[in-house]
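Asker: have a look at this prediction, sequence included:
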Amino acid sequence: MSRFTEVAQAPPDPILGVSEAFRASTSPSKLNLGVGAYRDEDLKPVVLSVVKKAEGKIFNRNENKEYLSIEGLEGFRKATVDLLLGAGHPAIKEGRVAVIQSLSGTGSLRVGAAFLARFQKGAAVYISNPTWGNHRNIFGDENVEWKYYRYFDADTVGLDFKGMMEDLKAAPPGSVVLLHGCAHNPTGVDPTPEQWNAIADLCQERNLLPFFDVAYQGFATGDLDKDAFAPRLFVDRGLEIMVSQSYSKNLGLYGERVGALCMVLKDKETATRVLSQLKRLARALYSNPPTHGARIAAEVVNDKELFDEWKAEMRGMAGRIERVRGELQRALERKYPDKDWSFITRQIGMFSFTGLTPAQVDNMTNKHSVYMTRDGRISLAGLNSAKVEYLADAIVDSVR
Ligand code: PMP
């Protein structure tokens, strides 16, 4: 008998489990709107043309496969801070950004969580309700206490700004606030610039530490700079911030695990000490980050021609999603005019938060083979024009 017979079966992941169920389905009309991964109009995964070009250059350089340093590839670290703050930002010139290349957004969040557990002992992390499901695992597994702040107002299908501010005002000084840099997952609802300013005021007044999760830079508006508005605002107002960055979506490097944890700090001396500790934590977690994807990202961001081409490809991806958003809204308005569907085009990013209940989601999946998460989120990146009518019919059948 195994010594592990007491190990209970873990539940499937609420997001990745949807893809498993989709793969197992034999229905010819099946549609995977679970995971947030970009698909083209034929619903096929996409490798960006700039990625292929960068890989060609890397291949021709015949580089070795030696370990990177713990903090990662130099050119990548520069690229990733430039992307976040804008090249030439004073914080970069002053050397007060600690940046460590890590295992995409998730790994960067996890290193951040480990840092908080060790150096901000007892501070709780406030996460939005709802949020990306893995936030709870990441902080919970590091024994960092997490609590919800109100975020989504189901009646207006918008931001519950009043509730959010009340909850953050009640957070003890020194608490951490996890904020989605742009394109909030799962709701697609972001604060306005005025609201971001008020959140920054509150963080300053209450001495809260903002931790930005930037997983969709470029995917909200199609513009990298516009999508970095919030973290840049906080830095320009003199706040110290933590940021996890991911190249999964905007550069389509999902499986390469490319990302970074950046901490913008008061001075260079603090940044040096903080980086030394981040390296210490990463050493024990995974030792050093992967080379290939970092080389790709560095090649694209640091080369003017490739960078411009990337921006155009990103606008193309964001534009396709925006188009199917509009088509879905119009189809639903035609099929079910009594209900207000305008929230679909008000939401931004990859997702639409439909308001479907778990029972309605079950109907979507069991009867119509539309695979989606049980919180009612659909990834519009997995939809094309040809499937809009089918999806709209399934939604109408489920909500009626
Ligand atoms: N944060 C949010 C809000 C996300 O949606 C995702 C991806 N689904 C991530 C972080 C991390 O993704 P990855 O680890 O692939 O970079």
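Answerer: Structure's in. What do you need?
Asker: what segments of the stretch 201-350 of the chain are helices?
Answerer: Assigned by DSSP state H, counting those that start in this stretch, the stretch 201-350 of the chain shows helices spanning 224-227, 229-236, 268-285, 292-302, 304-335, 343-346.
Asker: how near is Ile92 to Arg295?
Answerer: 21 Å (C-beta to C-beta, to the nearest Å). C-beta coordinates here come from the backbone N, C-alpha and C atoms, glycine included.
Asker: higher neighbour count, those two?
Answerer: Arg295 (22 against 18; other C-beta atoms under 10 Å).
Asker: residues in contact with the more buried one?
Answerer: For Arg295, the contacting residues are 54, 58, 63, 73, 75-76, by C-beta atoms under 8 Å, 6 or more residues apart in numbering.
Asker: closest one of those to Ser2?
Answerer: Closest approach between the contacts of Arg295 and Ser2, by C-beta to C-beta: Leu73, at 42.0 Å.
Asker: from Arg280, how far off is that closest one?
Answerer: When Leu73 is compared with Arg280 (using C-beta to C-beta), they lie 19 Å apart.
Asker: what about the two, which has more around it?
Answerer: Between Leu73 and Arg280, Leu73 has the larger neighbour count (other C-beta under 10 Å), namely 22 against 14.
Asker: show residues contacting the lowest-mean-pLDDT helix or strand in the chain.
Answerer: Lowest on mean pLDDT, DSSP states H and E among the helices and strands of the chain sits helix 16-24, with a mean of 89. Defining contact as C-beta under 8 Å, 6+ apart, one finds that helix 16-24 is touched by 11-12, 30, 32, 34-35, 365, 371-373.
Asker: could you redo the last one with a cut-off of 6 Å?
Answerer: Under the criterion C-beta atoms under 6 Å, 6 or more residues apart in numbering, residues 32, 34-35, 371, 373 lie in contact with helix 16-24.
Asker: so of the residues you listed, which ones are in strands?
Answerer: 32, 371 (DSSP state E).
Asker: lowest-confidence member of the contacts of helix 16-24, which is it?
Answerer: In terms of pLDDT, the weakest of the contacts of helix 16-24 is Val35, which scores 84.
Asker: now for it, how many residues are close by?
Answerer: Val35 has 20 nearby residues by other C-beta under 10 Å.
Asker: my guess is Thr354 meets Gly376, correct?
Answerer: Yes: with contact defined as C-beta atoms under 6 Å, Thr354 counts as touching Gly376 (4.7 Å).
Asker: more neighbours: which of the two?
Answerer: Thr354 (26 against 18).
Asker: burial check on Arg346, number of neighbours?
Answerer: 14.
Asker: distance check, it against Thr291.
Answerer: For Arg346, the distance to Thr291 - C-beta to C-beta - is 41 Å.
Asker: same question for Tyr336.
Answerer: 51 Å.
Asker: more neighbours: these two, which one.
Answerer: For Tyr336 and Thr291, the more surrounded residue by other C-beta under 10 Å is Thr291, and the numbers stand at 20 against 15.
Asker: residues in contact with the more buried one?
Answerer: Leu68.
Asker: test my guess that Trp132 contacts Thr187.
Answerer: No: Trp132 lies out of contact with Thr187 (C-beta under 6 Å); the separation is 10.5 Å.
Asker: show me the contacts for Ala113.
Answerer: 138-139, 142, 144.
Asker: mind doing that once more with 8 Å?
Answerer: Ala113 neighbours (C-beta under 8 Å, 6+ apart): 125, 138-139, 141-142, 144.
Asker: interface residues of the stretch 251-400 of the chain facing the ligand?
Answerer: For the stretch 251-400 of the chain, the residues in contact with the ligand (C-beta under 6 Å from any ligand atom) are 254, 259.
Asker: residue of the stretch 251-400 of the chain nearest the ligand, please.
Answerer: Residue of the stretch 251-400 of the chain nearest the ligand, by C-beta to the nearest ligand atom: Gly259 (5.2 Å).
Asker: dig out what that residue forms beta bridges with.
Answerer: Ser102, Ser246 (DSSP bridges).
Asker: next, Met364: secondary structure please.
Answerer: helix (DSSP: H, G, I helix; E, B strand; the rest coil).
Asker: need the per-residue pLDDT for the closest residue to it other than its chain neighbours.
Answerer: Nearest residue to Met364, sequence neighbours excluded (C-beta to C-beta, 6 or more residues apart in numbering): Val370, at 4.3 Å. In this model, Val370 is scored at 96, pLDDT.
Asker: use 52 as the first number for this chain going forward.
Answerer: I'll keep to 52 as the first residue from here, and by that count the last item is Val421.
Asker: I'd say Val421 and Ala445 touch.
Answerer: Yes: with contact defined as C-beta atoms under 8 Å, Val421 and Ala445 form a contacting pair (5.1 Å).
Asker: anything in contact with each of those two?
Answerer: In contact with both Val421 and Ala445: Met415, using C-beta under 8 Å, 6+ apart.
Asker: tell me the most buried of the helices of the stretch 252-401 of the chain?
Answerer: helix 343-353 (a mean of 23; mean count of other C-beta atoms under 10 Å).
Asker: so what pLDDT did the nearest residue in space to Arg201 that is not next to it in sequence get?
Answerer: Using C-beta to C-beta, 6+ apart and skipping residues adjacent in sequence, the residue nearest Arg201 is Gly214, 3.2 Å away. On the pLDDT scale, Gly214 is placed at 98.
Asker: can you tell me the SS state at Gly214?
Answerer: Gly214 is classified as helix under three-state DSSP.
Asker: report how many residues lie close to the residue nearest to Leu259 when sequence neighbours are not counted.
Answerer: In this structure, Leu259 finds its nearest non-sequential neighbour in Val228, 5.0 Å apart by C-beta to C-beta, 6+ apart. By the measure other C-beta under 10 Å, the count of residues near Val228 is 23.
Asker: Val228: what's it in contact with?
Answerer: 176-177, 200, 219, 222, 250, 254, 259-262.
Asker: these in strands, which ones?
Answerer: Per DSSP E, the contacts of Val228 map to strands at 176-177, 200, 260-262.
Asker: what's the closest of those residues to the ligand?
Answerer: Phe262 (11.4 Å).
Asker: I'd guessed the closest one sits against Phe166; true?
Answerer: No: the criterion here is C-beta under 8 Å, and Phe262 misses it with Phe166 at 10.1 Å.
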